[in-house]
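*Asks:* Below are the sequence and a predicted model; questions follow.
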Amino acid sequence: MAFMLCARAAWAAPQTLAITPDNTEIGFRVYVFGFIPLDGHFTRFSGTLILDPADPGQCRIAVRVVTASLVMPDAKAERMALGEDFLNASAYPALLYDGGCRAQPGRPPRLDGQLEMRGLTGALAFSLARTGQRFEVEATLRRDQWGMTAHPMLAGGRVRIRVTTALAPP
């Protein structure tokens, strides 16, 4: 009986997963001229995701993204995104996010946290979905709230951020 209780306690203990480029994708989408999608993703980042199997609506996440690791399909767009008007990678070498899941009665859980970007820190909430062996979050941020006001027609005013983490080895 004691063995069964210990096994159950071990199974229900929170699990800490590493967030790395091997199991996670961190990407974004902007719309050029308001209707042409332009995607980018980051190749260097690290963090942790803590999940509680006994309470699927709870989690903690902390991620550090190397800003200069941005990759985009167009070299000119990539240089512009990394430049002073947007991410300003030379002055702000990292993006940081720290947050926790929050259950919402009758609605899917959310990931609420703080994003530090371009020397500014502010709240950013993500929608949250756990599908099979994947943990997915998505948010839309307004560029102007993060000091990125240049080229409003070219780059659009909103950026969709999506992070997908594999919960089990591929």
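*Replies:* Okay, I see it. Numbering: from 1, shown residues only.

*Asks:* After the helix or strand of the chain with the lowest mean pLDDT, which helix or strand is next? Please name it.
*Replies:* Ranking every helix and strand in the chain by mean pLDDT, DSSP states H and E puts helix 2-12 at the bottom, with a mean of 47. For helix 2-12, the following helix or strand on the C-terminal side (DSSP states H and E) is strand 15-19.

*Asks:* Which strands and helices lie in contact with that following strand?
*Replies:* Here strand 15-19 touches strand 45-51, going by 3 or more C-beta pairs under 8 Å, 6 or more residues apart in numbering; DSSP states H and E. (C-beta placed from N, C-alpha, C; glycine too.)

*Asks:* Wait, a strand at Lys76?
*Replies:* No: judged by DSSP: H, G, I helix; E, B strand; the rest coil, Lys76 forms no part of a strand; its state is helix.

*Asks:* so where is this structure shaky, pLDDT-wise?
*Replies:* Filtered on pLDDT under 70, the chain yields the residue ranges 1-12, 169-170.

*Asks:* For it, just list every one of the helices.
*Replies:* Ranges of helices in the chain, per DSSP state H, are 2-12, 75-82, 152-155.

*Asks:* CA atoms of the shortest one as PDB?
*Replies:* Written as PDB, here are the backbone C-alpha positions of helix 152-155 (Å, rounded to 0.1, in the frame of the first residue of the first chain):
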ATOM      1  CA  PRO A 152       2.900  51.300 -39.600                       C
ATOM      2  CA  MET A 153       1.500  50.600 -43.000                       C
ATOM      3  CA  LEU A 154       4.300  48.400 -44.100                       C
ATOM      4  CA  ALA A 155       4.500  46.100 -41.100                       C
END
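
*Asks:* can I get the CA coordinates of stretch 129-147 in CSV?
*Replies:* Extracted C-alpha coordinates of stretch 129-147, given in CSV (Å, rounded to 0.1, in the frame of the first residue of the first chain):
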residue,chain,number,x,y,z
ALA,A,129,-4.1,24.8,-25.7
ARG,A,130,-2.8,21.4,-24.8
THR,A,131,-3.4,19.0,-27.7
GLY,A,132,-2.1,15.5,-27.3
GLN,A,133,1.6,15.8,-26.6
ARG,A,134,1.8,19.6,-27.5
PHE,A,135,1.5,22.7,-25.4
GLU,A,136,0.6,25.7,-27.6
VAL,A,137,0.2,29.3,-26.7
GLU,A,138,-0.7,32.3,-28.9
ALA,A,139,-0.9,36.0,-28.3
THR,A,140,-1.3,39.2,-30.4
LEU,A,141,0.6,42.2,-29.3
ARG,A,142,0.3,45.8,-30.5
ARG,A,143,3.7,47.1,-31.8
ASP,A,144,3.1,50.6,-30.5
GLN,A,145,2.8,49.4,-26.9
TRP,A,146,6.4,48.2,-27.2
GLY,A,147,7.8,51.3,-28.8
